[in-house]
Structures are given as structure tokens and as C-alpha cells.
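Generate coordinates for the sequence data below:
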Amino acid sequence: MKILFLACLRAHTGNCTTADRIKDHLEAAGHRCVLKDANSFASPAEVADLITEENFEVALAIHLYKGGRLLLGHGIPFGAIFGGTDINEDVKHEETFRAMGAVVEAARFLVAFTDKLKEMAEVHWPHARNKIHVQPQGIQTTPSADFDFKTFLQSAEIPLNLGSVHLFLLICGLRRVKDPLFLVNAFSEWHRKDPQVYMIIVGPTIDPVFTEEVHATIKRNKGVRLVQEMPREDLYAALKHCCAVVNSSISEGMSAALLEAMNLEVPVLARNIPGNAAVVKHEDTGMLFSDPEEFVLLSKRLMSDSALRETIVSKAKEYVKNWHSWERERETYQTLILQLQ
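The predicted model follows:
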């Protein structure tokens with residue numbers, strides 16, 4: 001089948017990585033899958049023209065509002081994947097909620113990354129219970145063999161003469177829902193007492209106005225750096241040099257960055273929200289914090305307790321192997337797409 005696949009495709013973001021992986025799954029089954037950036041379409045009419053011009057037979061979308069609504073009214077069979085912010089945030093607004101309800105009605109199948117997301121969706125659309133499938137994100141990580149850690153530190157303006165540098169990486173697109181400034185003040189105060197600890201925020205500009213705020217705040221706080229997005233393979237290599245990967249989001253569907261770190265045997269410290277708690281079990285596969293002060297305390301504990309660190313990374317690696325199988329994800333999407341025939 002010739003498949004139109006709509007997703008938000010800002011380079012080096014979790015959405016883009018997920019979309020590329022699912023596209024690969026579908027093409028491995030012999031389908032032709034064309035990935036398009038949902039943000040490049042102003043209306044469903046533009047998508048209708050594309051469907052006609054390119055003779056697409058079926059469609060798939062990530063994010064019920066940003067992607068799914070563009071597929072309404074064309075008569076093309078489609079499936080949709082909950083992105084996270086759609087079910088966590090967009091349901092709070094009448095206009096977006098109404099559009100998402102229409103997508104739920106029209107979609108042949110829906111995919112949620114976690115049981116919790118499925119439960120949340122069923123609260124809003126109980127009649128759609130049987131068409132919502134749970135498929136956790138499949139994880140593959142291949143670190144670059146050519147990555148130069150010293151060059152990375154230099155790009156982040158971190159002195160190379162400090163001896164042992166303790167890095168914490170926060171990976172996110174710069175937008176308010178990711179809340180990358182949540183920990184900045186507390187971390188900067190910790191850095192003032194221990195100049196060897198640094199937090200690096202890695203990610204692309206999503207919200208230009210908010211990005212200016214991030215730059216201004218970081219400029220006022222020592223010990224925190226911001227670097228642009230980087231190729232996934234280089235990012236995986238950078239993770240291997242870190243004390244921990246951090247997530248401070250207000251809401252999440254399923255953080256690929258956390259799962260990738262867990263697969264690479266790097267500890268994770270995540271804000272205690274439903275999306276993160278679905279994949280991180282406190283003091284078992286990672287650490288969950290509720291406020292900046294707790295984050296600092298848990299970080300210090302991870303640095304000083306090697307036995308705890310080893311236990312966490314071992315259990316996290318096993319969790320990803322058991323629940324986030326790339327092969328199982330491939331099988332699921334190759335099976336679901338046949339419902340559109």
C-alpha cells in the first residue's frame with residue numbers, strides 16, 4: 001500500500017525519531033510510506049490535494065490534533081497515534097477536543113504508548129475502547145564511534161581543566177511543556193558549591209519566544225549550558241559520559257530520551273508526572289523527583305552510592321529489553337496497518 005504518514009518532523013526531536021522508526025517498520029513489510037511534516041499544511045484541504053495528486057491509499061498520523069485532524073473528511077482509511085500532549089493538554093481546550101473526538105470516531109485504529117494514556121483516552125471516548133491499542137515505543141540505540149567528548153565539552157563552554165566533570169543532560173525541544181528551566185536555579189546553586197557539576201540542555205528551538213527566555217535565564221545562572229540539537233548517534237555517545245539523563249517536563253506521552261538512556265545503562269532522573277512514572281519506577285529503574293530540591297538530593301545520592309547506581313541501570317536495561325522491544329513494535333504496526341486495507 002502507498003501510505004501517507006503525517007507527524008511533526010522537527011529534526012532531532014522525539015516525534016521525528018518515532019516517525020522515522022515506524023516508517024521503517026512499514027516499509028520493511030513492503031509498503032511505500034511517505035512521511036510528511038504536519039506543520040507544513042495549513043488545512044485539511046491541502047492534504048486532500050496531496051492525497052489526490054500522489055494517489056495515497058491509506059494514511060497514518062502521530063498526534064490526534066496536529067496530525068489526525070488533517071485527515072478528516074477525505075474518506076481515506078487512517079489510523080492515529082496519541083502523541084502525549086494531545087491527550088495530556090489539548091483535551092483541555094474545547095476546539096481541539098472537538099477535533100480530536102472526530103479523529104477518534106473516524107480512525108480505524110488508535111495507538112497509545114502506555115496503559116495510562118489508553119485509560120485517559122477511554123475516559124473521554126469510552127466507546128472507542130476496543131480500537132485503542134497499547135504499544136510502547138521500541139528502542140534502539142547505536143552510539144557514534146567517532147564522537148569526541150572533549151569537543152562536545154568545548155562546544156558547551158565547559159572547562160577541560162576541571163578533572164572529573166559530572167554532567168547531567170536534559171534533552172528536549174525548547175517549549176514550555178518541557179519546562180527546561182524548572183531545575184536551573186537549584187542546579188546553579190549546587191554548581192556554586194560544587195563547580196564540577198554541570199547541566200546541559202540539548203535540543204532544538206520549538207517556541208522562539210520561550211527559547212529567548214531560556215537563553216536569558218541560563219546566562220544569569222552558572223553551571224547550566226544550552227547546546228543545539230545533534231545527530232542521534234552523537235547524542236547516544238554523549239549520554240555514555242553522563243551521570244544521568246534528566247526529564248523535567250510538565251507532561252509527557254512517553255519520553256524516548258529516558259528510554260534511550262536506560263537502554264544505554266545511564267541513570268535517569270525524571271519529574272514525577274504520569275508519563276514518566278509509567279516508565280520509571282522510583283529507586284528501581286530510575287529516580288523520580290517532585291521539586292528542584294529533591295532533584296539535587298537524589299542526584300547527589302546517585303553520585304555517591306555506586307551500588308544503587310549499578311542496581312538502577314541494570315534493572316532499567318532489563319525493563320527496556322522486556323517492554324520496549326523494537327521487534328515487537330515492528331510486528332504491531334505491520335499488523336495494524338492491514339486494518340486499513
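
Beyond the lengthiest helix in the chain, next helix or strand please.
Using DSSP state H to assign secondary structure, the helix with the most residues in the chain is helix 306-323. Moving toward the C-terminus from helix 306-323, the next helix or strand (DSSP states H and E) is helix 326-336.

and the angle from that following helix to helix 306-323?
Angle, helix 326-336 to helix 306-323, by axes from the mean of the first three to the mean of the last three C-alpha atoms, to 10 degrees: 30 degrees.

buried sites along helix 326-336?
Applying a neighbour-count criterion of 16 or more other C-beta atoms under 10 Å, one finds 326, 329-330, 332-333, 336 buried in helix 326-336. Every residue, glycine included, has its C-beta placed from N, CA and C.

Can you name the residues that contact residue 178?
172, 203, 248-250 (C-beta atoms under 8 Å, 6 or more residues apart in numbering).

ok, 7 Å please
Shown here is residue 178, whose contacts under the criterion C-beta atoms under 7 Å, 6 or more residues apart in numbering are 172, 249.

swap in residue 117?
Applying C-beta under 7 Å, 6+ apart to residue 117 gives the contacts 82, 87, 253.

Most neighbours of all those, which one?
Greatest neighbour count in the contacts of residue 117, by other C-beta atoms under 10 Å, goes to residue 253: 28 neighbours.

give me the element it is part of.
Going by DSSP H and E, residue 253 is not in any helix or strand.

distance of it from residue 232?
Residue 253 is 19 Å from residue 232, where distance means C-beta to C-beta, to the nearest Å.

repeat for residue 51
Distance of residue 51 to residue 232, computed by C-beta to C-beta: 31 Å.

Could you do residue 300 as well?
Plainly put, residue 300 is 30 Å away from residue 232 if you go by C-beta to C-beta.

Neighbour count: these two, which is higher?
residue 232 (20 against 14).

on that earlier part again, for residue 278, state which of the buried residues of helix 326-336 is nearest.
For those, the closest approach to residue 278 (C-beta to C-beta) belongs to residue 329, at 16.2 Å.

Who are the contact partners of that closest one?
25, 135, 137-138.

Need the nearest residue in space to residue 314, chain neighbours excluded.
Excluding the flanking residues, the one nearest residue 314 by C-beta to C-beta, 6 or more residues apart in numbering is residue 265, at 7.6 Å.

quick one, strands of the stretch 1-150 of the chain?
Per DSSP state E, counting those that start in this stretch, the stretch 1-150 of the chain carries strands over the ranges 2-7, 32-37, 58-62, 78-81, 109-112, 132-134.

ok, back up a step: considering the contacts of residue 117, which is situated nearest to residue 317?
Looking across these and measuring by C-beta to C-beta, the closest to residue 317 is residue 253, at 22.1 Å.

coming back round to it: check pLDDT for the contacts of residue 117 and point me to the minimum.
Among those, residue 253 has the lowest pLDDT, at 80.
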